[in-house]
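**Q** Sequence and predicted structure below; questions after.
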Amino acid sequence: MESKLYLYPVWLRIWHIINAVLFLVLIATGLSLQYASVDYSFIDFEIAVSTHNIAGVAITIAYFMFVFGNLFTKNGKFYKIKRKGFFSDLFTQIKYYSYGIFVHQKTPFPVTAKRKFNPLQKVSYVGAMYFLFPIMILSGLALIFPEFIVPNVFGFSGIHLTGLVHIISGFGLSIFLCIHLYFCTIGKTPTSNFKSMIDGYH
Ligand code: HEM
């Protein structure tokens, strides 16, 4: 018989909901800023700038909650990538998602108290949270305080390069979000993972 596992502590669920809402605000305002034209902007330019900046600072503060939560609670251990068997485990999971799942094979890495994420999930969460997210935050903060940006990098404008890095990391995380939402529907039922993020139990 399967028993319920408590895998999503309260602090994590609070961080996650704040992060998700702010991220959606950042996507909407960011896209509006990126594609705004003089004649038409999806959201009024000034409102989009100030909302994007406020949401950006707020998501940065929330990010510290995620980092410290993982540093000082057991949740952090789920993000540790082991070198041994890394590629073969990843390949097994990719094979399962691209074939096994469609012929009702058993999941190769079932969720247990010691293993919350499958190898692919772990790599994508680590990549998103510890690689793309800090890049997006640092480049965003630099754009709020452009006086700290080096004016000229090998003949290119430092501000333009920082903007480019910010947009690439922002788009990267938006793609992560689309994939994340799709994979969240591949639980025991399409909604079971979403319920876990509400009540904490897998
Ligand atoms: C509409 C927005 C979102 C929804 C509905 C959503 C849904 C979920 C669900 C159902 C889970 C639990 C399933 C699992 O363990 O994988 C989860 C976990 C997670 N989500 Fe999201 N998510 C959203 C946005 C985001 C965003 C924007 C990020 C980061 C950029 C993010 C990062 C994470 C991480 C890191 C976890 C694992 C947390 C942990 O257990 O330690 N999510 N999300």
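**A** Thanks, I have it. These numbers come from a predicted model, not from an experiment. Residues are numbered from 1 along each chain as shown.
**Q** number of nearby residues for residue 103?
**A** Neighbour count for residue 103, taken as other Cβ atoms under 10 Å: 6. (Each C-beta comes from the backbone N, C-alpha and C, glycine too.)
**Q** now it: how far from residue 96?
**A** 10 Å (Cβ to Cβ, to the nearest Å).
**Q** For this protein, which residues are neighbours of the ligand?
**A** 8, 12, 16, 19-20, 23, 75, 78, 116, 121, 125, 128-129, 173, 177, 180-181, 184, 193-194, 196-197 (Cβ under 6 Å from any ligand atom).
**Q** now those: which count as buried?
**A** 8, 12, 19, 23, 75, 78, 116, 121, 125, 128-129, 173, 184, 193, 196-197 (16 or more other Cβ atoms under 10 Å).
**Q** What sits closest to the spatially most central residue of the chain if chain neighbours are left out?
**A** Geometric centre of the chain, nearest residue: residue 128, 4.7 Å, by Cα atoms, centre = their mean. Leaving aside its sequence neighbours, residue 128 sits nearest to residue 176 (Cβ to Cβ, 6 or more residues apart in numbering; 4.5 Å).
**Q** so what secondary structure elements neighbour the host helix or strand of the one you found?
**A** Assigned by DSSP states H and E, residue 176 belongs to helix 158-184. Packing partners of helix 158-184 (3 or more Cβ pairs under 8 Å, 6 or more residues apart in numbering; DSSP states H and E): helix 10-35, helix 119-127, helix 133-144.
**Q** And the first one, what's buried?
**A** For helix 10-35, the neighbour count (16+ other Cβ under 10 Å) marks 12, 15, 18-19, 22-23, 25-33 as buried.
**Q** Kindly report the same for the last one.
**A** By neighbour count on 16+ other Cβ under 10 Å, the buried set for helix 133-144 is 133, 135-137, 139-143.
**Q** closest to residue 161 among these?
**A** residue 139 (9.2 Å; Cβ to Cβ).
**Q** how close does that closest one get to residue 145?
**A** Distance of residue 139 to residue 145, computed by Cβ to Cβ: 11 Å.
**Q** likewise residue 37?
**A** To residue 145, residue 37 is 27 Å away according to Cβ to Cβ.
**Q** before we move on, what about residue 48?
**A** 19 Å.
**Q** Settle it for me: which of the two has more neighbours?
**A** A direct count of neighbours by other Cβ under 10 Å for residue 48 and residue 145 places residue 48 higher, at 20 against 8.
**Q** Would you enumerate the residues in contact with the closest residue to residue 41 other than its chain neighbours?
**A** Distances taken as Cβ to Cβ, 6+ apart put residue 32 closest to residue 41, at 5.8 Å, once the chain neighbours are dropped. Residue 32 makes contacts with 41-43, 48, as judged by Cβ atoms under 8 Å, 6 or more residues apart in numbering.
**Q** Good, wrapping up.
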